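Kindly return the folded structure for what I paste below:
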Amino acid sequence: VPRLIKGMLAADGLDLLLQEYAENFLFDLSFEEDIKWQVNHDYYFIMEEISKKVALDVYKITSDIEIQFFEAGSFLELMKLFSKQIKRLSKIVAEELNNLDITSEIVHYLDQHYNEDQTLKTIAEKFNYNSAYLGKKFKKDTGKSFIAFLEDVRMRQAADLLKTSNLMVYEIAEKSGYKNVDYFYKKFKQYYRISPNEYRQKNLK
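Model (predicted):
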């Protein structure tokens, strides 16, 4: 079930996850009624977890699904009902997530935490998103890859510190999120076409 929830939030591989979910019951020797109770319980658990991420009108989505689960004439019918409902829910989730401005949240977060180790993977985990999906969405919304955007933020910060502080270049590198000062020099020169020291000289007030 947690994998199913993850798949719904990421809008990824749902058919395969639903198949896996159904196959779990093939090795289960429970009575039909018990399986129905389990499916019903799982469905409401999924609803609860998804509701923590997006605003859902639970009553509108569930309607009489519980009755339908218990009236299912066969295991196959039960799984079809469950799959149909999960896909319906997943579609609503996708629409809601597109309405949420996750990119703005990430941009704001990077503005505060650019000096920490940041990768698309760690950001995706922090915001509970699939990293491939998030990478595409971030590029679509900002016009830049996550790495390029983070570098922009760090470079702007480094330039600002060179202009306004008396910190040593290695200290500025560290405060801007670069542990290796040589790498920082190289990146800065690529970005501004001059070295950090030259930039400081040029911008002395």
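
helices and strands of this protein: which one bottoms out on pLDDT?
helix 58-62 (a mean of 56; mean pLDDT, DSSP states H and E).

What mean pLDDT does stretch 80-98 get?
For stretch 80-98, mean pLDDT is 79.

how far does that stretch sit from the chain's center?
Centroid separation between stretch 80-98 and its chain, computed with CA atoms, centre = their mean, to the nearest Å, is 18 Å.

Name the residues of that stretch that are buried.
Buried residues in stretch 80-98, counting neighbours by 16 or more other CB atoms under 10 Å, are found at 81-83, 85-86, 89-90, 92-93, 97. Where C-beta positions appear, they are placed from N, C-alpha and C, glycine not excepted.

Which strand or helix spans the residue most central in space within the chain?
Centroid-nearest residue in the chain, with CA atoms, centre = their mean: Y129, separated by 1.9 Å. Using DSSP states H and E, Y129 falls within no helix or strand.

Go ahead and confirm it touches L9.
Yes. Taking CB atoms under 8 Å as the definition, Y129 is a contact partner of L9 at 7.1 Å.

Find the residues that touch each one of those two.
Residues touching both Y129 and L9 (CB atoms under 8 Å, 6 or more residues apart in numbering): none.

quick one on the thing from earlier: tabulate the buried residues of stretch 80-98 in TSV, adding columns for distance to I67.
Output for these, formatted as TSV (distance: CB to CB, whole Å):
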residue	distance to I67
L81	11
F82	14
S83	18
Q85	12
I86	17
L89	17
S90	22
I92	21
V93	23
L97	29
